[in-house]
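**Q** only geometry, no sequence info:
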């Protein structure tokens, strides 16, 4: 892999004496951030930021390969579920002292659960860059057709709505829940009181009453033909299907605001809206996703890297970043920008972000949640009972956590 060479190749033409800060991004964020960097470089004469864009499908492996080969950048964008893994590798720098002395990064201005995804064993290792959570996109006109002038406020009301919307059976559906995506079941599971792992992340807790309640609710939507038994590949074009009334509710993230505005015809733009997730007994939690900015321990330009983090953390810069790309800011003050405050589709996300929960901070989490969804899909197909599915997810989680248990039980730092 020639990432280090690629990252420095663009520096060859820089003027002598210019410091180069290597910044790795993932996906489209790289294109957006490059539009903001000229201002940062004007504020910091003699400093050049070289942006390397990693494709999402390869980013995780490339970051680990760069760590193993001592070729890490100075600063990188990192999905917040990846933070525990790089902390376990001792690859990224604690930021507590920098945060404490910063006049820009104000911990109390961030949504608490989003901030907490960067705190491992009491230390801060990253600063949230943008947030991602899931809530409901829905068709107001189709709900009105079955007698409702408001979105669902709890699970029973949501189920009653979906029962009316799923008529005739097998032709139209209440909700789209692609069976190969874990995020929907994860959000429902985070609404429960019990944690998804127990004993300091040593074991799965999927046999808890809370998870089984969430799984039973999820499975019932397929059993009652209120959700189509489809993967996201089978759906094909979810935006067109939404516009055609194939389903009324879509549990998804903020990027789809722009997609629905772009893909639905003008005459349908007043027919859809967003709303926070209903929970079992009222407003519900959702996942605390998104990406953070971290500094690698091996960086020789840590002060410069922190200056860039502070620049990208300014509310005014976060507002511009949102306008360029649609990534939502992690700071409450950034939501005072008119582009967010006055957008009726965005305000539901602002509400939901006050009720998000982080996933367990263990390096093995992404593999665990993938196994969770594989088993949940079997339960949705009716191949396995709720109790057996919960026990099987626990079994798979416990196997993946075996090394973590050994490390913790022998007084070592947990390792990926």
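**A** Alright, I've got the coordinates. Computed from a prediction, not measured in an experiment: that's the story for all the values here.

**Q** centroid residue for the protein?
**A** residue 289 (2.7 Å; CA atoms, centre = their mean).

**Q** please name the bridge partners of it.
**A** residue 132 (DSSP bridges).

**Q** tell me the spacing between the closest residue in space to residue 201 that isn't next to it in sequence and residue 93.
**A** Spatial nearest neighbour of residue 201, chain neighbours left out: residue 362 (4.3 Å); criterion: CB to CB, 6 or more residues apart in numbering. Glycine gets a C-beta too; all of them are placed from N, C-alpha and C. Distance of residue 362 to residue 93, computed by CB to CB, to the nearest Å: 21 Å.

**Q** and the two? Which one has more around it.
**A** Between residue 362 and residue 93, residue 362 has the larger neighbour count (other CB atoms under 10 Å), namely 24 against 19.

**Q** where does the chain dip in pLDDT?
**A** Scanning the chain for pLDDT under 70 picks out 1-17, 413-416.

**Q** got the domain boundaries for it?
**A** 19-133+288-357, 135-287+361-406 (the TED database).

**Q** how about those in a markdown table, adding distance to residue 412?
**A** Shown next, in a markdown table, are the domains of the chain (distance: least, CB to CB, whole Å):
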| stretch | distance to residue 412 |
| --- | --- |
| domain 19-133+288-357 | 10 |
| domain 135-287+361-406 | 8 |
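
**Q** so the residue nearest to residue 201, which of the three states?
**A** coil (DSSP: H, G, I helix; E, B strand; the rest coil).

**Q** same check on residue 405?
**A** Using three-state DSSP, the structure places residue 405 in helix.

**Q** so for it, what's the nearest residue that isn't a sequence neighbour?
**A** In this structure, residue 405 finds its nearest non-sequential neighbour in residue 202, 4.7 Å apart by CB to CB, 6+ apart.

**Q** contacts for stretch 148-168, please.
**A** Stretch 148-168 has contacts (CB atoms under 8 Å, 6 or more residues apart in numbering) with 136, 138, 142-143, 146-147, 172-175, 217, 220-221, 224-226, 248-249, 273, 275, 278-284.

**Q** those residues in helices, which ones?
**A** With helices taken from DSSP state H, the overlap with the contacts of stretch 148-168 comprises 142-143, 217, 220-221.

**Q** burial of residue 52, as a residue count?
**A** Neighbours of residue 52 (other CB under 10 Å): 19.

**Q** looks to me like it is in a helix.
**A** No. Using three-state DSSP, the assignment for residue 52 is strand, not a helix.

**Q** my read: it touches residue 20, true?
**A** No. Taking contacts as CB atoms under 8 Å, residue 52 lies outside contact range of residue 20: 11.5 Å.

**Q** quick one: buried residues of stretch 257-270?
**A** For stretch 257-270, burial by neighbour count (16 or more other CB atoms under 10 Å) applies to 257, 260, 264.

**Q** give me the distance between the last one and residue 165.
**A** It refers to residue 264. Residue 264 sits 18 Å away from residue 165, going by CB to CB.

**Q** how about the second one?
**A** With distances taken as CB to CB, residue 260 is found 18 Å from residue 165.

**Q** how close does the nearest residue to residue 298 once chain neighbours are set aside sit to residue 293?
**A** Distances taken as CB to CB, 6+ apart place residue 72 nearest to residue 298, at 5.3 Å, with adjacent residues excluded. Distance, residue 72 to residue 293, by CB to CB: 14 Å.

**Q** can you check residue 215 too?
**A** In terms of CB to CB, residue 215 sits 35 Å off from residue 293.

**Q** quick revisit: quick check, nearest of the ones in helices among the contacts of stretch 148-168 to residue 118?
**A** residue 217 (30.7 Å; CB to CB).

**Q** ok, the closest one touching residue 188?
**A** Yes. Residue 217 is within contact range of residue 188, at 6.2 Å (criterion: CB under 8 Å).

**Q** which of those two has more neighbours?
**A** Ranked by neighbour count (other CB under 10 Å), residue 217 and residue 188 place residue 188 first, with 26 against 17.

**Q** and the more buried one, that one's in a strand?
**A** No. Counting by three-state DSSP, residue 188 is not found in a strand; it is helix.

**Q** hmm, it is touching residue 218, no?
**A** Yes. Residue 188 is within contact range of residue 218, at 5.9 Å (criterion: CB under 8 Å).

**Q** give me the distance between residue 175 and residue 142.
**A** Residue 175 sits 12 Å away from residue 142, taking CB to CB as the criterion.

**Q** what do you get for residue 124?
**A** Using CB to CB, one obtains 45 Å as the distance from residue 124 to residue 142.

**Q** same check on residue 61?
**A** Taking CB to CB, one finds residue 61 at 42 Å from residue 142.

**Q** before I go, just wanted to say thanks for your time.
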